[in-house]
Each structure stands twice: as C-alpha cells, then as structure tokens.
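Student: from the sequence below, what's the structure:
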Amino acid sequence: MVNELKVLLMIRIFIFPKVLFLSECHTKISLIKGKTARETLMEKGLWEETRLKFPYNPMAKFYQTGGNEAMTNDADLSYYGVISIGTPPQSFKVIFDTGSSNLWVPSVYCSSQACQNHDKFNPGLSSTFTWSSKTVSIQYGTGSMTGQLAYDTVSVGGISVTQQIFGASQTEAPFMANMVADGILGLAFPNLAASGATPVFDNMMTQGLVSQSLFSVYLSGNSAEGSVVSFGVIEPTYYTGQITWIPLSLVTYWQITMDSVTINGNTVACNGGCQAIIDTGTSMIVGPTNDIKNINYLVGATINQYGYTTVNCNIIPNMPEVTFNLNGHAFTIPASAFTIQDPYGCRTGFSNGGYQQLWILGDVFIRQYYAIFDRQNNRVGLAKAV
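Tutor: The predicted structure is shown next:
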C-alpha cells in the first residue's frame, strides 16, 4: 500500500541534509524544510491550474482496500531527508511518512517523465541487490505507479538495514514530476504494506539495530534546518515538560482517540469523540467538512468557493487558540502555529477532509509537539516541542 504519496506537486530542490551518526543502537537523520510546491507553482503562475488538475484528497489513503493506496497532491509538504540504497550507496530524498508502510524510489527502468526529474536507482551498480518475484502497484487519484519489489541494503543515517525489501518504480503518474522527494519511506505498521513488504523500521527492530522499538519526530518551524527523525531513542533536547502517552485505538496507522476540539473552552468539533491519525506525511490538520468549516469560521478565516481559507495577516495576533483534547490531555495550537504566511498572503492550516469522520493531525500539529511512535507498547507520546 505504498503511499498515497500524499504528496505531490513538489518542485525538486537540490538540498541534501547532513546525516548524524550516533551509535549502532540509535541514530537520527536530519530533515530539510524546503520550499513547498504551492509556493513554487504560485511563483510560476501555475497554482490554480495545477490544483484543479490534481485535486487534494488527504483522506484517500486511509480508506483504501485491496492493497492499493490512493495518491493525491499535498502541495504544502516540505520536510525531506536522504537515505541510500545499495552497495556502493545510491542516495534518494524521501518523505518519512507515518501514514504508510512501504519504501519505494524511482528506478532506471522507469520511462515516465516523472522519473526523469528524480534520482533513479540502478540495480546494476549494486553488488548487494536482488530482485523479488513480486510486483507493486499504487493507485493515484490521477494515474498510477507500478514497479517491481527488490532487496538491498538500505542506510538510514548510521543504520544499515540488510535485505530490505523496497519498490523500484517502472511507471509513475505525470504529476509526480513536480514533487520534491524521489520516494517514500513508510513508518506505519506492516499490515498496511503492499505485497506483504516488511517496513524498514520492522527490519531495524528484527535485526537488532535499535536499542528501543520506537522512533521520534521533531519538526522545526520556520527554520529550514533542525528537523530530525530519530530511530531507537527519545531525545530530551527537542521537548520541554512531560511526555503524555496515548494508547493506539487501531494498530494499523498511528491512530488514537480524540475527545474533542475546543476554542475558548467551548467544543467546536469532534463532539462526543472521534478518531485521529498522527501523520508526518500530511502537511495540514485535516478533519470532516463541517467541523473544519466551523473552526475556520470561529478563528476568523474566510473560505472561498474552492474551500481554501484566507486570513487577514494583521489579525493573527488576536486569533484564538485551538485545543485538541487527546486521552484527557489538552494540546493547544496558537494562531501563530496554525496560520501559514507566504508572499501571497495568509491562510489557516485547517483543511477539509470530506465527510469521513476521521482527523489527520499532520505537520501543523507535529511542529508544536515532539512525537514519539512506540511500537513496543503501541502508543504515541507527545511533548511540547522546543
């Protein structure tokens, strides 16, 4: 079920994060916060045309069956890290995505235009490569990705995972030509993986490469650098106060129960409780249509005919906070964090997810709360990010 790649429309940037090696039992890999596809497309005057051609449907990947995962564009994703595959290593920029489970990258056997714009894996250059007999197929909203599964050594920071199964793409949908990342590294549970592929983190645990069966994510705000994914370790330098542990309500995605969403102490959404997924591969906070409309209205945003919000940049200091109540604990997001400012104006980070009663707490939320994904205890830890 390789990633909705929820991603897309990201314009390629030539930035390679440095990798920090800590020890054989844990490591962290730096992420770069680059220019988003929306910003680049706006600069070129192509945003309206592109968003109509490749609509954003952030919920698509959470409602797929039969091993196919939908892919639509997420024009605001901006965090990417570098991994390598093969011996000697070939480098690829990937999205570390807690909302999917497969690893895949483009291959030299892909003739699609999208593959020409990205780094491609060459099996013939790796002495540790072997093909699998299985294929992989990902259904996108406007096309598809197909490929062959294979095995090779995958290096993530200081960790080298041997015999890691991954997808080598052979065809890719046209809109993927505009994404920044070459591929996806999924960090959800193995029962989500297409074609029975074992996720990278599962192999890290099985091969004894991490001292704890957990990983954590810190996303910086405006700074291009400073974001990290850490494997096998909780890093106190990235948070303040106590960690709040929340049990998973479903062991597939990193899914939890949300009690309510409040503004000024009043319930404005998720009345009576709902389900939410902590997802590094979605840029916004996404919720049901009526709930999101209500939140945007109450914080002072205007919604246009296409469902996009605008905010008077001058009122941001006076906008109310929005609180997400999880497992009896309040996680508050100030207006400075849930609004997005670019050269073209201001808007909120609350996005319409349709009429499904499911929430995605994406990067807008995770930038405020250091997130720990604990596989041993099937729980998520949240602490105030520094």
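
Student: kindly report the domain assignment for the protein.
Tutor: 19-230, 237-385 (automatic domain parsing).

Student: what's the model's confidence in stretch 253-261, averaged?
Tutor: Averaged over stretch 253-261, pLDDT sits at 97.

Student: contacts for that stretch next, please.
Tutor: Stretch 253-261 has contacts (C-beta atoms under 8 Å, 6 or more residues apart in numbering) with 62, 98-99, 188-189, 192, 246-249, 267-279, 287, 291, 295, 322-328, 359, 373, 380. The way it works is simple: take the backbone N, C-alpha and C, and place the C-beta from them, glycine included.

Student: mind giving me the ChimeraX select for those, buried ones only?
Tutor: Selection of buried members from the contacts of stretch 253-261 for ChimeraX, criterion 16 or more other C-beta atoms under 10 Å:
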select :62,98,99,188,189,192,246,248,268,269,270,274,275,276,277,278,279,287,291,295,322,323,324,325,326,327,359,373,380
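
Student: and the strands in the stretch 251-386 of the chain, which stretches?
Tutor: 254-263, 266-269, 274-278, 285-287, 302-303, 309-310, 322-326, 329-333, 339-342, 345-348, 350-352, 358-361, 369-374, 379-385 (DSSP state E, counting those that start in this stretch).

Student: pick the most deeply packed of those.
Tutor: Highest mean neighbour count of these: strand 285-287, a mean of 29 (counted as mean count of other C-beta atoms under 10 Å).

Student: so in that sheet, which strands flank that one, and in what orientation?
Tutor: strand 350-352 (parallel), strand 358-361 (antiparallel) (DSSP bridges).

Student: could the ones you listed go into TSV alongside distance to Phe129 and mean pLDDT?
Tutor: Output for those, formatted as TSV (distance: least, C-beta to C-beta, whole Å; pLDDT from 0 to 100):
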stretch	distance to Phe129	mean pLDDT
strand 350-352	40	91
strand 358-361	35	95
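
Student: the ones you listed: which one's closest to Ser160?
Tutor: strand 358-361 (31.9 Å; C-beta to C-beta).

Student: returning to that earlier point: as TSV, the strands paired with strand 285-287 with distance to Glu49 would be great.
Tutor: Formatted as TSV, these follow (distance: least, C-beta to C-beta, whole Å):
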stretch	distance to Glu49
strand 350-352	20
strand 358-361	26
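
Student: so which of these is nearest Gln170?
Tutor: Across these, Gln170 has its closest neighbour in strand 358-361 (29.9 Å, C-beta to C-beta).

Student: surely Pro123 and Tyr151 touch.
Tutor: No: Pro123 is beyond contact range of Tyr151, at 10.4 Å (criterion: C-beta atoms under 8 Å).

Student: what bits of the stretch 151-300 of the chain have low per-residue confidence?
Tutor: Within the stretch 151-300 of the chain, the set of residues satisfying pLDDT under 70 comprises 175, 222-224.

Student: can you give me the helices for this structure?
Tutor: 37-43, 47-53, 113-116, 200-206, 289-299, 335-338, 363-366 (DSSP state H).

Student: relative to strand 322-326, how tilted is the longest one?
Tutor: Our comparison of helix 289-299 with strand 322-326, counting by axes from the mean of the first three to the mean of the last three C-alpha atoms, to 10 degrees, yields an angle of 140 degrees.

Student: got a list of contacts for helix 289-299?
Tutor: Contacts of helix 289-299 (C-beta under 8 Å, 6+ apart): 261, 263, 268-270, 286-287, 303, 309, 311, 319-320, 322, 335, 338, 348, 350-355.

Student: the residue lying closest to Arg375 once chain neighbours are set aside: what's it in contact with?
Tutor: Excluding its sequence neighbours, the residue lying closest to Arg375 (C-beta to C-beta, 6 or more residues apart in numbering) is Ser213, at 4.4 Å. Neighbouring residues of Ser213 by C-beta under 8 Å, 6+ apart: 205, 232, 374-376.

Student: run the last query once more with 7 Å
Tutor: By C-beta atoms under 7 Å, 6 or more residues apart in numbering, the residues touching Ser213 are 205, 375-376.

Student: that older thread, can you list the helices of the chain in CSV and add distance to Trp254?
Tutor: Shown next, in CSV, are these (distance: least, C-beta to C-beta, whole Å):
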stretch, distance to Trp254
helix 37-43, 25
helix 47-53, 28
helix 113-116, 28
helix 200-206, 12
helix 289-299, 21
helix 335-338, 21
helix 363-366, 11
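
Student: deepest-packed of these, please.
Tutor: helix 363-366 (a mean of 24).

Student: tell me how far that one lies from the chain's centre.
Tutor: 10 Å (C-alpha atoms, centre = their mean, to the nearest Å).

Student: hmm, back to that, neighbour-wise, which of Pro123 and Tyr151 wins?
Tutor: Pro123 (18 against 15; other C-beta atoms under 10 Å).

Student: hang on, isn't the more buried one packed against Phe129?
Tutor: Yes: under the criterion of C-beta atoms under 7 Å, Pro123 makes contact with Phe129 at 4.6 Å.

Student: common neighbours of these two, please.
Tutor: The contact sets of Pro123 and Phe129 overlap at Ala150 (C-beta under 7 Å, 6+ apart).

Student: nearest the middle, which residue of this protein would you pick?
Tutor: Gly281 (1.1 Å; C-alpha atoms, centre = their mean).

Student: tell me how many other residues crowd the nearest residue to that one once chain neighbours are set aside.
Tutor: Nearest residue to Gly281, sequence neighbours excluded (C-beta to C-beta, 6+ apart): Asp97, at 3.3 Å. When counting by other C-beta under 10 Å, one arrives at 27 neighbours for Asp97.

Student: circling back: adding distance to Val156 as columns, could you present the strands of the stretch 251-386 of the chain in CSV?
Tutor: Conversion of those to CSV gives the following (distance: least, C-beta to C-beta, whole Å):
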stretch, distance to Val156
strand 254-263, 19
strand 266-269, 36
strand 274-278, 20
strand 285-287, 27
strand 302-303, 40
strand 309-310, 36
strand 322-326, 29
strand 329-333, 28
strand 339-342, 29
strand 345-348, 34
strand 350-352, 29
strand 358-361, 24
strand 369-374, 15
strand 379-385, 21
